[in-house]
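[1] Here you go, sequence then predicted model.
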Amino acid sequence: MPGRHHILRRRRAKVVATLGPASASAEMIEILHKGGADVFRLNFSHGDHAGHAQNLAWIRALEKKTGHPIGVLADVQGPKLRVGRFSNGHVILQKGQSFRLDLSPIPGDTSRVQLPHPEIIAAATPGMNLLIDDGKLKLRVDHVREDHLETTVTVAGRLSDRKGVNVPDVMLPIPALTKKDREDLAFALEAGVDFVGLSFVQRPEDVIEARELVAGRAWILTKLEKPQALVNLDEIIALSDAVMVARGDLGVELPPEEVPLAQRRIVRKAREMGKPVIVATQMMESMISSPTPTRAEASDVAGALFEGADAVMLSAETAAGQYPLEAVDMMDRILTRTERDEEWRRVIDDRPLAPETSSSGAIAAAARQVADSSGAKVICAFSHGGSTALRIARQRPTAPILGLTPIVETARRLTLVWGVHPVVIAPHETMTAAVSGALETARREGFATWGDEIVVTAGVPFNTPGTTNALRVATVSRAPQPSAGDEN
């Protein structure tokens, strides 16, 4: 994938941008990518397969034009729990009134409405809470009957057709993948996406089920948005290829004061396990209708970097907002400025991680130490499936990382990984050839120039996954100049 239009980010953290009506065109996708979007998100909660296929075609055409790998995330909807419909479209519920949730499809009124989810009724217990419409209304369960729940309204308000229901107090016996999700997943994998986002994961078994369906065709990105997932956090992260702090539903089901702590815990654990982690939802929500973010939003983005996140995500800001380009540009500017700050570097360095207990982990840790000590301009990591680049990124080196791979799918997946600039290169058979290729790539991609040192990690024998066992330091030398008598 030879470069045609040079794209070199001056930051380590990555930007994920969601596509939607405001950004679904070849021209806007190119503008957003050049402006800072490293990964594009296709939200399967909206749109249809034809629209997602068109967006993906535009992304791959841009990738071919620029010669720069671009990651694509297919975010499946997951099990959406909703109330039924009302005879007048909506009702006003008063605090303290009784309200019934039942299985009857008859349109509701001020006394009742359908809850077409018998699994909620089966799992309910007196005293538990149901949150409606992103927590704008709250119902307390008083009595559990065979086919309905008798509740009391504790937070009042307007309730309209098909509003969502959150059940924070129990683990529901429902799969993370619905029939629609399986159809969307099959389509996305056939189309060639790089990441699959799993919504509303509650238990490790949800990730295992998805991994069997995906069968290695994409990285599994688990969205952590249920309190129940936090109970099994270590195991869920271990089973995932990447994770997302999905603060939308997580912020509905957890008390607001708990969300920042959950975010820090998730980011810390993901980094310890060497799994890329995205912080998402409402990062710069005011930019849906404003050309600039609030100061609190700018601090939120920077704060995610101080915590150690690999990436931050824009949702409605780029999907449906009035200022998609400005949102990406502002995200890029905040990340770039934060990473130039000495305090950010000090915070990152004050949280070192012990190397993984393997030869590959030791090589990754050594690569950072050697690069820091020698002042090397870049660490060039040859990687078949991406694990070497992931291990080095886990160490958060000062030097950027060139993720060199002969496999385009691996390069696309590395677009999500902190500090990694992925490049597709021809396979090498010897360490000498690999070092030579790394030197040329580092110079061509703008990471090093004549006289600069680079660090190279690779595995011998070559083209064998999981064999990183060699480290070299090399110097970019000036190419021999032709003599006066040489032909051009």
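    Structure received. Residues are numbered from 1 along each chain as shown.
[2] from here on, contacts and neighbour counts on C-alpha atoms
    OK.
[3] Would you agree Phe99 is in contact with Arg112?
    Yes - at 5.4 Å, Phe99 counts as touching Arg112 under the criterion of CA atoms under 8 Å.
[4] Which residues does the residue positioned nearest the centre of the chain form beta bridges with?
    The central residue of the chain, meaning the one whose C-alpha is nearest the mean C-alpha position (CA atoms, centre = their mean), is Ile278 at 4.1 Å. On the basis of DSSP bridges, Ile278 is bridged to Met244, Ala311.
[5] That one touches Ala311, doesn't it?
    Yes - when contacts are counted by CA under 8 Å, Ile278 is listed as touching Ala311 (4.6 Å).
[6] and the nearest residue in space to Arg112 that is not next to it in sequence, which of the three is it?
    The shortest distance from Arg112 to any non-neighbouring residue, by CA to CA, 6 or more residues apart in numbering, is to Arg100 (4.5 Å). When the structure is reduced to helix, strand and coil (DSSP: H, G, I helix; E, B strand; the rest coil), Arg100 reads as strand.
[7] Distance of Arg100 relative to Leu230?
    As for Arg100, its distance to Leu230 is 31 Å (criterion: CA to CA, to the nearest Å).
[8] now do Lys34
    Counting by CA to CA, the separation of Lys34 from Leu230 is 36 Å.
[9] before we move on, what about Ala470?
    Counting by CA to CA, the gap from Ala470 to Leu230 is 38 Å.
[10] do Asp372 as well
    For Asp372, the distance to Leu230 (CA to CA) stands at 36 Å.
[11] Please apply the same query to Gln94.
    As judged by CA to CA, Gln94 and Leu230 stand 33 Å apart.
[12] Which secondary structure elements does the longest helix along the chain sit against?
    Using DSSP state H to define each element, the chain has its longest helix at helix 49-66. The elements that helix 49-66 packs onto, with contact taken as 3 or more CA pairs under 8 Å, 6 or more residues apart in numbering; DSSP states H and E, are helix 26-35, helix 179-191.
[13] Could I get the buried residue list for the last one?
    Looking back up the chat, that one is helix 179-191. Neighbour counts over helix 179-191 (16 or more other CA atoms under 10 Å) mark 181, 184-185, 187-189 as buried.
[14] Let me know the closest of those residues to Val15.
    Proximity of those to Val15 was ranked by CA to CA; the top entry is Ala188 with 21.1 Å.
[15] which non-adjacent residue is nearest the closest one?
    The shortest distance from Ala188 to any residue other than its chain neighbours is 6.5 Å, reached at Ala74 (CA to CA, 6+ apart).
[16] for this structure, what are the low-confidence residue spans?
    In the prediction, the chain carries residues with pLDDT under 70 at positions 1-6, 463-464, 466, 479-488.
[17] per-domain residue ranges of this protein.
    14-79+176-341, 90-166, 359-475 (automatic domain parsing).
[18] For those domains, could you give me a markdown table that also reports distance to Asp350?
    Below are the domains of the chain laid out as a markdown table (distance: least, CA to CA, whole Å):
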| stretch | distance to Asp350 |
| --- | --- |
| domain 14-79+176-341 | 11 |
| domain 90-166 | 38 |
| domain 359-475 | 11 |
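[19] Can you give me the distance of Asp206 to Asn232?
    Using CA to CA, Asp206 is found at 11 Å from Asn232.
[20] These two - which one has more neighbours?
    Comparing Asp206 with Asn232 by other CA atoms under 10 Å, the one with more neighbours is Asp206, at 20 against 13.
[21] List the contacts of that one.
    The neighbours of Asp206, taking CA atoms under 8 Å, 6 or more residues apart in numbering as the test, are 175-177.
[22] Return the distance of the helix or strand harbouring it from the chain's centre.
    Remark: Asp206 resides in helix 204-214, with elements defined by DSSP states H and E. Distance of helix 204-214 from its chain centroid, counting by CA atoms, centre = their mean, to the nearest Å, is 18 Å.
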